[in-house]
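Colleague: Okay, here's the prediction I keep looking at, along with the sequence it came from:
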Amino acid sequence: MAAGDAARQRADPQVRGRLREGLGTVGSVRRVTDAELEQRAINVIRGLSMDMPQAANSGHPGTAMALAPLAHVLWTRIMTYDASDPQWADRDRFVLSCGHASVLQYAMLHLTGYGLTLDDLKAFRQWGSRTPGHPEVHHTPGVEVTTGPLGQGVGNAVGMAIAERWLRATFGADVVDHHTWVICSDGDLQEGISHEAASLAGHLGLGRLIAVWDDNHISIDGPTELSFTDDTPARFRSYGWEVIEAGDVVNDLDAIEAALRQARDDETRPSLVVLRSHIGYPSPRYTDTDFAHGNPLGEDEVVATKEVMGLPPDETFHVPDDVLALYREAGSRGRSAREAWEARLAAWDGDRNAWDAAWAATGLDGWADALPHLEPGGKQATRKSSGACFQALLDHVPGLLGGGADLSGNTGTLVKGVGVQAVDDPGGRQFHFGIREHAMAAVMNGMALHGGTLPVGGTFLQFADYCRPSIRLAALSRAKVIYSFTHDSVGLGEDGPTHQPVEHLMALRTIPGLRLIRPADANETAAAWRVAIEGDGPTLLALTRQDLPVLDGTDADGVARGAYVLSDDPGEPAVVLLGTGSEVSVCVEAAEILRSEGRSVRVVSMPSWDLFGAETFDYQESVLPAGVPTLAVEAGVSLGWDRWADASVSIDRFGASAPGREVLERMGYTGENVAERARELIADLDGDA
């Protein structure tokens, strides 16, 4: 019995009949009618999906084998794309949330002409290859987001759909008019982040978002029923999604197409297509087994499976010319759509400067002049300073938008006069992510990697732990996002140790590629916003709840370099007081005490380890001279400060519930205590000498 016939027997006749309603031509797009060629093409995808892990002796073939027909339909009948221009702004976006099935995406990118060669496929999971174990954006042409940690791709896809709708509402459908497609697995839908993201997507009514759930009932441990018996369709309906239960039609191309088109036609809500599949199909030994999930099938089973499919059993990476021609034609079919879009954009009478700035995730000419400046002497919490920057830049940075995880007013992410993102206001720039920190950070990555937006998201620094997997992926992906993370120390006060971060600053500094800036006052905060917008990749602003004095001598260029001399005395200093954020003002107080005793003191503000670490040794030496006792002062753990200082005033314990000022004083963050610690350091080092 042919694979398609077997699938038709398994499928629910009523479901198939409903899905076939309305199935017709594809407009002006030529439809492939050679069923035999299509089946051989699908088998080629399956062959490549086995060959890549087998060559690497590592990988996940089973899901890719099962979903080969779905991939075929998406790339030949459904998605709008041009393989010769992977960055075309109005292309459909595709996200493989189950990134372990990367061989499926790599096979399609090779076949449709994105520039991946057979040699690239043969180098799967090898050092320096363009085909890493999980898809990585900016590394492999045609990959939109970095996926692998399950559930992340679902959140990314929600962000992409938000970005598309916002851009369409802002600039018009003539220049923005596409869809976001995401394939997700049982694992994706078990991870909590996907629940948060799906709930947000349903609330926002993201009608251009279509998810296909690969319902294969298998995970690494065995049948999903070991741990997963949710009524997933009911859950998604409760979120406000359209749910299309296609049934066991994974090998019926027309039924798949009909389900996808039905989903695409409903633009009032996101859609979930439930597709029952059989992992490892058509492997004689490993179909519907957990072994097929994460193991190469073995040479004998690969040969046996190729014999079932009619592929040359003794040939690896087999791609016959007619199959390659079929897919290359599909990959080039979108060129006319791209060229038509380019013509529309050229004739478009909208604000081209705003368009270009949005897609560059930067500001209009002179945008930095809009940043607020405060004169020394006043006081302001840096969370409020940051909120003032966000508000001031909205008219000057066209793609800037965002909000908080239910803490917008607390985190400086509540803005006015720009509308609230909602079903009836798709152009709103104020976001209410709800109490969904996990999803907020993943959605921000999707928005940024879609292009055209510069997202801002806020929560308390303590809850960066909820966002951390997405923050790490933002750094890995170089996604340009801005985190407004506030209540950044024990100084937040009465909420106590559950809400008081102590290890978070240092833990976040360990993430390569994350730019963490902890500004000392309002003017350093404005400078930090400038760094975030002028730079690339993610920027995390660590901001205070409590008011801080506006300091004399803060320097925007110094912030951009990560550390600088805030105040100094003539001659070589007896001690350097090195502070970050709210503790810089404590260093200033301590310096005055020490100076009154006749000691020469240098005060250094170090808002960013990352930026300072990237500076030349000569610059670092000019700020922190060798041989001079250096005392670091930060309301966080001591771990790591030996990189820059001889000793530190730190907190190697959890905080306490009390007014913030009292907590800081009891933990030693006073001018008097810092001055005493400086005296002790000078004496210790003099004694050692």
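Modeller: Yep, that arrived.

Colleague: Poorly predicted segments of this structure, please.
Modeller: Applying pLDDT under 70 to the chain flags residues 1-33, 689.

Colleague: redo that, cut-off 50
Modeller: Residue ranges of the chain with pLDDT under 50: 1-30, 32.

Colleague: Domain ranges for it, per the record?
Modeller: 3-21+58-339, 367-549, 562-688 (automatic domain parsing).

Colleague: will you turn those into JSON lines that also has distance to Arg352 and mean neighbour count?
Modeller: The C-beta positions use only the backbone N, C-alpha and C, and glycine is treated the same way. Listed next are those as JSON lines, based on distance: least, CB to CB, whole Å; neighbours: other CB atoms under 10 Å:
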{"stretch": "domain 3-21+58-339", "distance to Arg352": "10", "mean neighbour count": "21"}
{"stretch": "domain 367-549", "distance to Arg352": "11", "mean neighbour count": "22"}
{"stretch": "domain 562-688", "distance to Arg352": "33", "mean neighbour count": "19"}
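
Colleague: so where does the residue nearest to the spatial centre of the chain fall, helix or strand?
Modeller: For the chain, the residue nearest the mean C-alpha position is Asn445 (2.8 Å; CA atoms, centre = their mean). Secondary structure from DSSP states H and E places Asn445 in helix 437-450.

Colleague: any idea which helix or strand comes after that helix?
Modeller: Per DSSP H and E, the first helix or strand lying C-terminal to helix 437-450 is strand 454-460.

Colleague: what helices or strands is the helix or strand where Met52 lies leaning on?
Modeller: Assigned by DSSP H and E, Met52 falls within helix 35-56. When contacts are defined as 3 or more CB pairs under 8 Å, 6 or more residues apart in numbering; DSSP states H and E, helix 35-56 packs onto helix 3-10, helix 62-73, helix 102-112, helix 118-122, helix 299-309, helix 321-332.

Colleague: ok, the closest residue to the residue nearest to the centre of the chain other than its chain neighbours - contacts?
Modeller: Ranked by CB to CB, 6 or more residues apart in numbering and with sequence neighbours excluded, the top spatial neighbour of Asn445 is Ala479, at 4.6 Å. By CB atoms under 8 Å, 6 or more residues apart in numbering, the residues touching Ala479 are Met444, Asn445, Ala448, Leu449, Leu473, Gly537, Pro538.

Colleague: how about a cut-off of 10 Å?
Modeller: 137-138, 145-146, 156, 159, 361, 441, 444-450, 455, 470-471, 473, 513, 536-538 (CB atoms under 10 Å, 6 or more residues apart in numbering).

Colleague: and His100, helix, strand or coil?
Modeller: helix (DSSP: H, G, I helix; E, B strand; the rest coil).

Colleague: Quick check: it vs Glu615, distance?
Modeller: 40 Å (CB to CB, to the nearest Å).

Colleague: And for Arg344?
Modeller: 46 Å.

Colleague: and what of Gly562?
Modeller: 6 Å.

Colleague: who touches both of those two?
Modeller: With CB under 10 Å, 6+ apart as the test, Gly562 and Glu615 both reach Val623.

Colleague: helix/strand/coil for Val243?
Modeller: Applying three-state DSSP: Val243 is strand.

Colleague: now swap in Val182 and tell me
Modeller: strand.

Colleague: give the contact list for it.
Modeller: Neighbours of Val182 in contact, by CB under 10 Å, 6+ apart: 93-98, 144-145, 147, 153-158, 160-161, 188, 209-213, 270, 272, 446.

Colleague: Identify the residue nearest it in space, chain neighbours excluded?
Modeller: Distance criterion CB to CB, 6+ apart; nearest residue to Val182, sequence neighbours excluded, is Ala157 at 3.8 Å.

Colleague: Okay, and the one you found sits in which element?
Modeller: Here Ala157 sits within helix 152-171, counting by DSSP H and E.

Colleague: picking up where we left off before, now the helices and strands packed on helix 35-56 in CSV, with distance to Val601?
Modeller: Formatted as CSV, those follow (distance: least, CB to CB, whole Å):
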stretch, distance to Val601
helix 3-10, 78
helix 62-73, 62
helix 102-112, 56
helix 118-122, 58
helix 299-309, 71
helix 321-332, 66
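
Colleague: Relative to Val586, which of those is closest?
Modeller: Nearest of these to Val586, taken as CB to CB: helix 102-112 at 49.8 Å.

Colleague: just the angle between the helix holding Ala157 and helix 437-450, please?
Modeller: Going by axes from the mean of the first three to the mean of the last three CA atoms, to 10 degrees, helix 152-171 is angled at 60 degrees with respect to helix 437-450.

Colleague: Measure how far helix 152-171 is from the centre of its chain, please.
Modeller: 12 Å (CA atoms, centre = their mean, to the nearest Å).

Colleague: again with stretch 587-599
Modeller: Centroid displacement of stretch 587-599 relative to its chain, using CA atoms, centre = their mean, is 45 Å.

Colleague: next one: stretch 525-533
Modeller: Computed by CA atoms, centre = their mean, the chain-centroid distance of stretch 525-533 equals 20 Å.

Colleague: same deal with stretch 417-434?
Modeller: Here stretch 417-434 is found 20 Å from its chain centre; the criterion is CA atoms, centre = their mean.

Colleague: Likewise for stretch 60-72?
Modeller: A distance of 25 Å separates the centroid of the chain from that of stretch 60-72, by CA atoms, centre = their mean.

Colleague: Restricting to C-alpha, output it in CSV.
Modeller: What follows is stretch 60-72, C-alpha atoms only, in CSV (Å, rounded to 0.1, in the frame of the first residue of the first chain):
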residue,chain,number,x,y,z
HIS,A,60,17.6,13.7,15.6
PRO,A,61,16.3,12.1,12.4
GLY,A,62,12.8,10.9,13.4
THR,A,63,10.9,14.1,13.5
ALA,A,64,12.3,15.4,10.3
MET,A,65,11.4,12.1,8.5
ALA,A,66,7.8,12.3,9.8
LEU,A,67,7.4,15.9,8.8
ALA,A,68,9.0,15.8,5.3
PRO,A,69,5.5,16.0,3.7
LEU,A,70,4.7,19.1,5.8
ALA,A,71,8.0,20.8,4.8
HIS,A,72,7.3,20.0,1.2
